Structures are given as structure tokens and as C-alpha cells.
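Undergrad: Sharing a model that was predicted from the sequence below.
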Protein chains: 2
Amino acid sequence: MKEIPDAKIQAWARLIRAQRVLLERVEQRLKDAGMPPLAWYDVLLELDRGNEGLRQYEIGERILLSKHNLSRLLDRMEKEGMLQRRPCPEDGRGSVVSITAEGRKLRRRMWPEYAAAIDEVFAGKITAAQAGEFSNTLQRLLD
Amino acid sequence: MKEIPDAKIQAWARLIRAQRVLLERVEQRLKDAGMPPLAWYDVLLELDRGNEGLRQYEIGERILLSKHNLSRLLDRMEKEGMLQRRPCPEDGRGSVVSITAEGRKLRRRMWPEYAAAIDEVFAGKITAAQAGEFSNTLQRLLD
DNA sequence: GGTTATTTGTTGCATTTGCAACTATATGGT
DNA sequence: ACCATATAGTTGCAAATGCAACAAATAACC
């Protein structure tokens, strides 16, 4: 059995914990401001970037959401008028999702609150150099 | 409105993403090995440390679980015979939770699998020095 | 001592997530 | 062309989570 040094175990534990704590604070702040959860923002951001509309599976890959889950998230967002689904011309199975004007508006309204929250819980507590180093480490872990 | 440098936004995004990806891999591995989710391990570990038994709220603080949620997690674990709840002598409202022999056995059985998973997704991808630095940064974020 | 506010834990209800099954289309092999 | 297999997305059902309301006991205040 592999012996993992305590310092690494501790780093692992802190990674899990810190992400949970910080993310929860951010979500709470959005909620307090009467805004939808972060997942909505993620979807809106991707849609806003992918101008021609995106296939569902593309969204799923980018925001790391399983397809059934995404399917229903999109249901909710579509019902609120934030996006549109239309059948995909090249692939009869799929649909193309695109953001509505309403969706763009929501995204723009969410960003300041989200940014303030990130600043409060994260960006304000770390220097640019530290953030760069931190980011590199995270990327290495993801590879 | 605060302007957050791109590098910090990216670091934030990676923190969220990396934790999700790595944690999911670990959870999946436990599941594949026929074992309960990580939350069970966390509870068992705390109980194993706190020899005399712990109050529920103490467990909740340590593993960052809200009380209603914890209440039901403990229900499930108690039903499986991993722990015991008995009324607290000093405080008529609360209960004292303690681990059973069965619970200790489960924790010991889970650890090798969990450790191997941590090694695979985290510890094996980072040097001790990097882990130390990383850990410090996370701690700073948590303060 | 009596009243009010807090804390501890549980429960009901709505929302979300995860899993497996399903439909429908597309792809690959022969 | 035909059959098997894989992919895109949806849906039903079970499990987990979040929220608000609640009971019971303690602590705080006068």
C-alpha cells in the first residue's frame, strides 16, 4: 500500500474543504441577491460565447454536467425564457441551444454580484503571483 | 465595480473545476469498490478520533454538514450498524454519537482504497514542496 | 421564579442529483 | 443494404440536499 506523506493528505483535505466553503459563500451571496445558482451563470456564459448556439453535449462537456442533469437544468432555464432549443439540422437526434436576449440580460445582471463574491472570498485574499502559481498547480492536477 | 484580473478569475475557475473533477474520480473509485460515499468516511474518522463519542453538532462543524443533513446521514449509518446514538447526560436535547466495532472495521477497510485514490488523482501528481505551498494558499483562502 | 431567546436535533416538503431504462438517430462493419 | 453498436437526449424513480417549521431543552434576562 502506498504511503502518502501527511503534508499531501492535508493539502488534499484542504482542497476539498476550501472549495466547498468558498463556493458555498458565493452561492449564498447570489441567493441573497435573489439570483439563480451558479450553474445558470455557467450555462449562460457558454451560450453567450458560442454565438451560433451549442449542442447540449457541448455544454455538458464544458460545465461538467451529466446529460440527464443538464437536460433538466435547460428545461428550467428554457421555461424562464433564458434560452431556446431547436432541432439540429445536421443531427436529427440533437438540439441546438441558444441564449435569448433575456438570458443575456440575466448574465449581465449576475456578473457584478458574482465578481464581487469572487473578490470577497478569493481574489482579495491572494496576490497575482500566488494566483498564478496556484492556477498552475491546479492545472497540473487536472492533466 | 471591482475589476478582477483574468489570472485570478482563471485560478478561481480552476479551483472549482479541479476539486469537482478530482473528487468525483475518488467517489467513483470508492463506488466501484462497493464502498459507501466519502461522507461516511469523514464521519467515521471523526468518531474514531473523538474516543468518548461526539455530539452531533460537533460532527457537523468538523465535516461541514448542515444539521438536518447530518441527522439523516447518521440515520442511515446507524441503521447499518456503524454508529450508536444515545441521549446526552449533560444536555437533554442532544445525543452522543459513538462509533461501533463494525464502524471501525469499515473505516479501516475504506482507507486503503481511499488512499490509493488520493494518490492516483492528487498525491502522485505533485511534489511535497508543491503540496506544501498549495496547502498554505488554501489555508490563507480559508481564513 | 418566570418569561424570552438560543441551541440541539428531527421532520415534512420541494428541489436537485444520480442511475437506469428508453426513444430516436447516426455510425461502422460486412 | 443490413445488422450491430454507439451517441444524443429525455424520462421515471430512488436517493440526497436545502429550507422552513417544529419540539424539547438550555441559557439569558429581568
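TA: All right, it came through fine. All of these numbers come straight from a predicted model, not from anything done at the bench.
Undergrad: hey, let's count contacts and neighbours off CA atoms from now on
TA: Noted.
Undergrad: Excluding residues flanking it in the chain, which one is nearest A:R29?
TA: With CA to CA, 6 or more residues apart in numbering or on different chains as the measure, A:A117 is the residue that lies nearest to A:R29, at 6.8 Å, once sequence neighbours are left out.
Undergrad: wait, isn't that neighbour in contact with A:K31?
TA: No - taking contact to mean CA atoms under 8 Å, the distance of 11.5 Å between A:A117 and A:K31 leaves them out of contact.
Undergrad: The two: which is more packed in?
TA: Counted by other CA atoms under 10 Å in any protein chain shown, A:A117 and A:K31 do not tie: A:A117 has more neighbours, with 21 against 13.
Undergrad: Report the contact partners of A:I16.
TA: The contact partners of A:I16, by CA atoms under 8 Å, 6 or more residues apart in numbering or on different chains, come to B:19, B:23.
Undergrad: how about A:R55, phi and psi?
TA: The phi and psi values for A:R55, taken as degrees, to the nearest 10, are phi -70, psi 150.
Undergrad: go on, A:V97?
TA: Listed backbone geometry of A:V97 is phi -110, psi 130, with angles given as degrees, to the nearest 10.
Undergrad: Specify the beta-bridge partners of it.
TA: Legend: beta-bridge partners of A:V97 under DSSP bridges are A:L54, A:R85.
Undergrad: got a list of what it touches?
TA: A:V97 makes contact with A:47, A:53-56, A:83-86 under the criterion CA under 8 Å, 6+ apart.
Undergrad: do A:V26 as well
TA: With CA under 8 Å, 6+ apart as the criterion, the residues that contact A:V26 are A:114, A:117-118, A:121.
Undergrad: Mind doing that once more with 10 Å?
TA: When the contact criterion is CA atoms under 10 Å, 6 or more residues apart in numbering or on different chains, the partners of A:V26 are A:20, A:32, A:37-38, A:113-122.
Undergrad: coming back round to it: touching, the residue nearest to A:R29 and B:I9? I think so.
TA: No - in this structure A:A117 lies outside contact range of B:I9 using CA atoms under 10 Å: 11.5 Å.
Undergrad: Which neighbours do those two have in common?
TA: A shared contact of A:A117 and B:I9, defined by CA under 10 Å, 6+ apart, is any residue touching both; here these are A:A123.
Undergrad: Might you report the residue contacts of the residue nearest the centre of chain A?
TA: In chain A, the C-alpha closest to the average C-alpha coordinate belongs to A:D42, at a distance of 3.9 Å (CA atoms, centre = their mean). A:D42 sits next to A:48, A:59, A:62-63, A:107 when contact means CA under 10 Å, 6+ apart.
Undergrad: which of these has the most neighbours?
TA: Of all the contacts of A:D42, the most densely surrounded is A:I59 (22 neighbours; neighbours counted as other CA under 10 Å).
Undergrad: is it true that that one touches A:L70?
TA: Yes - at 8.3 Å, A:I59 counts as touching A:L70 under the criterion of CA under 10 Å.
Undergrad: Which residues of chain A lie near DNA strand C?
TA: Applying CA under 7 Å from any atom of the strand, we find that chain A lies next to DNA strand C at A:65-66, A:68-69, A:72-73, A:90-93.
Undergrad: Out of those, the closest to A:A13 would be?
TA: Of all those, the one sitting nearest A:A13 is A:L65; the distance, using CA to CA, is 23.6 Å.
Undergrad: Pretty sure that closest one sits in a strand.
TA: No - counting by DSSP: H, G, I helix; E, B strand; the rest coil, A:L65 is located in no strand; its state is coil.
Undergrad: How many residues are close by it?
TA: 15.
Undergrad: does it really touch A:I59, like I thought?
TA: Yes - look at A:L65 against A:I59 with CA under 10 Å: they come within range, at 8.1 Å.
Undergrad: Taking their axis directions, the longest helix along chain A and helix B:6-32 sit at what angle?
TA: Ranked by residue count and defined by DSSP state H, the top helix of chain A is helix A:6-32. Following axes from the mean of the first three to the mean of the last three CA atoms, to 10 degrees, one obtains 110 degrees for the angle between helix A:6-32 and helix B:6-32.
Undergrad: Next secondary structure element downstream of helix A:6-32?
TA: With elements assigned by DSSP states H and E, the helix or strand that comes after helix A:6-32 is helix A:38-49.
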